[in-house]
Structure formats: C-alpha cells, structure tokens
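Trainee: need a structure here:
(2 chains)
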Amino acid sequence: GAVVSQHPSRVICKSGTSVKIECRSLDFQATTMFWYRQFPKQSLMLMATSNEGSKATYEQGVEKDKFLINHASLTLSTLTVTSAHPEDSSFYICSATEFTVYNEQFFGPGTRLTVL
Amino acid sequence: DAKTTQPPSMDCAEGRAANLPCNHSTISGNEYVYWYRQIHSQGPQYIIHGLKNNETNEMASLIITEDRKSSTLILPHATLRDTAVYYCIVGLMDSSYKLIFGSGTRLLVRP
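Mentor: The predicted model follows:
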C-alpha cells in the first residue's frame, strides 16, 4: 500500500512557541490530506481537510488561526500549532489519499506533541 | 454523517475467529462501510470496505446485512498482533470523502 510519513515523531516544546508538523506521501500524489488529533484513551477527531492548492476546510470547533494547515504540493502538507499551550498536547495524525485512485486513506505514524 | 455503534470491548482466543459487530442503522444508500484498526500509538490501518456485497481480502471478511443497517468484520484466525482498536465508519467515496471515527471496539486477543 501507499506510504505516508510524518516528521517529527515526537516533539516537546515550551508554552507559547509554535510547532510545525510535516506530512508526506512518499510514493503517490495526494490531492487530499486530512489532519486528526487524538487525546489519550480517546478516538481520532478530524480537525481539517486540505486539498492541494486550496485553503483547508476546518471541522466545527477547530480554530483555524491556531492550527495552520498548508498543502502546497501533492506530496506535502504541514500543520503548525501556533502559540502552543499544554492543552494542545496530543497525538496528531495525518492521512492522505487520491480518492479517484484509492478506496482508502493512508495514515501516517503520528506525531506526539508535548507542550510544557 | 451516519453514526455507528460498536461494543466497547471484545476478546477472543488466539487462532479463533474474531467477529466484530457494527450497527449503522442510518446509513444512506451511497455510503460505504469502512473498517480501520489502530494498534497502540500508531496511525490507523485500513482493513476493508464494502457497499452492499460481502467482501473478503487477505486481512478479513466483511459481512453486510441485506438492509445494510449492520455489518460484521471477521478476522478468521486472530493472532496476538490483531490486538487493536477496530473502527467501523460509514462515509462517501467522493470529493467529500472524510472519515469520522467513533469510539471503536477494543479487541484483545488472548494467548
């Protein structure tokens, strides 16, 4: 199957700083990428959908000025958590697909963010 | 989006079949049933999907009832590595394609 990578796998930062997480489709072109957040012992929560070259569509309750998403190419999407606070500590997971080709989303391994 | 209902947890013995049920009584005619699983601290992994007919692949079988209001994922010979949270999701396969995860079923495969 297709491979999606995320970088970094873990990040620890101080409160008030910004953190950028990268999501890459390694062997296919992803017209659509998704960002999820998962708190301990909870399910994945969809944050936003991004299509290459377009602005991301955020789910209700997700602050677009806090979680900046850029999908500038067919293989790369970035999520920037701006002015991070301890409550933003979570497991962030991206997925990617080209829905006209694939019948599934391919998930990255996730990024563990800890804000001190 | 249609919602799904799954039991919070199940267990089965290694080597036996694991049958995971899912109710999706409000599914619409063009929505697919997808199954993903998530092993601890990893990204979810696609298992199988279907629309109306039963489906089988190298990982599992998917049985969808005739009225499409429920389905069952079958792992024919569960192994310890199948211990994971299994998510049943319904959704469209078009430009609005997105997956809304419910709480899933935590499957524990016992030695």
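Trainee: which residue packs closest to A:Tyr102, ignoring adjacent ones?
Mentor: A:Ala2 (7.0 Å; C-beta to C-beta, 6 or more residues apart in numbering or on different chains). Where you see a C-beta, it was placed from the backbone N, CA and C, and this is true even at glycine.
Trainee: Oh, that last question was meant for B:Ala17, not what I typed.
Mentor: B:Pro76 (5.4 Å).
Trainee: got a pLDDT number for the closest residue to B:Gln6 other than its chain neighbours?
Mentor: Among residues not flanking B:Gln6 along the chain, B:Thr105 sits closest, at 4.5 Å (C-beta to C-beta, 6+ apart). pLDDT for B:Thr105: 97.
Trainee: B:Ser71 pairs with what?
Mentor: B:Cys22, B:Ile64 (DSSP bridges).
Trainee: With A:Val115 instead?
Mentor: When bridges are called by DSSP bridges, A:Val115 pairs up with A:Cys13.
Trainee: residues touching it, list them.
Mentor: A:Val115 is in contact with A:12-15, A:84-89, counting by C-beta atoms under 8 Å, 6 or more residues apart in numbering or on different chains.
Trainee: where does it land on pLDDT?
Mentor: A:Val115 carries a pLDDT value of 97.
Trainee: and the closest residue to A:Gly16 other than its chain neighbours, how far is that from chain B?
Mentor: Nearest in space to A:Gly16, with sequence neighbours left out and distances taken as C-beta to C-beta, 6+ apart, is A:Ser83 at 5.7 Å. According to C-beta to the nearest C-beta, to the nearest Å, A:Ser83 and chain B sit 26 Å apart.
Trainee: what's the nearest residue to residue 68 if we skip its chain neighbours?
Mentor: You didn't say which chain, so I picked chain A. Closest to A:Leu68 by C-beta to C-beta, 6+ apart is A:Thr80, at 4.2 Å.
Trainee: The chain in question should be chain B.
Mentor: B:Ile27 (5.5 Å).
Trainee: just checking, the one you found is part of a helix?
Mentor: No: B:Ile27 is assigned coil when assessed by DSSP: H, G, I helix; E, B strand; the rest coil, not a helix.
Trainee: in the sheet, who's paired with the residue nearest the centre of chain B?
Mentor: For chain B, the residue nearest the mean C-alpha position is B:Trp35 (3.4 Å; C-alpha atoms, centre = their mean). Counting by DSSP bridges, B:Trp35 is bridged to B:Ile48, B:Cys88.
Trainee: Isn't it up against B:Ile48?
Mentor: Yes: the criterion here is C-beta atoms under 8 Å, and B:Trp35 meets it with B:Ile48 at 5.3 Å.
Trainee: Overlap in contacts, the two.
Mentor: With C-beta under 8 Å, 6+ apart as the test, B:Trp35 and B:Ile48 both reach B:60, B:62, B:73.
Trainee: For chain A, what lies in contact range of chain B?
Mentor: Residues of chain A lying near chain B by C-beta under 8 Å from any C-beta of the partner chain: A:1, A:4, A:32, A:34, A:36, A:43-46, A:49, A:91, A:93, A:95, A:97, A:99, A:103-110, A:112.
Trainee: returning to that earlier point: is it correct that the residue nearest to A:Tyr102 is in contact with A:Ser25?
Mentor: Yes: counting by C-beta under 8 Å, A:Ala2 touches A:Ser25, with 6.6 Å between them.
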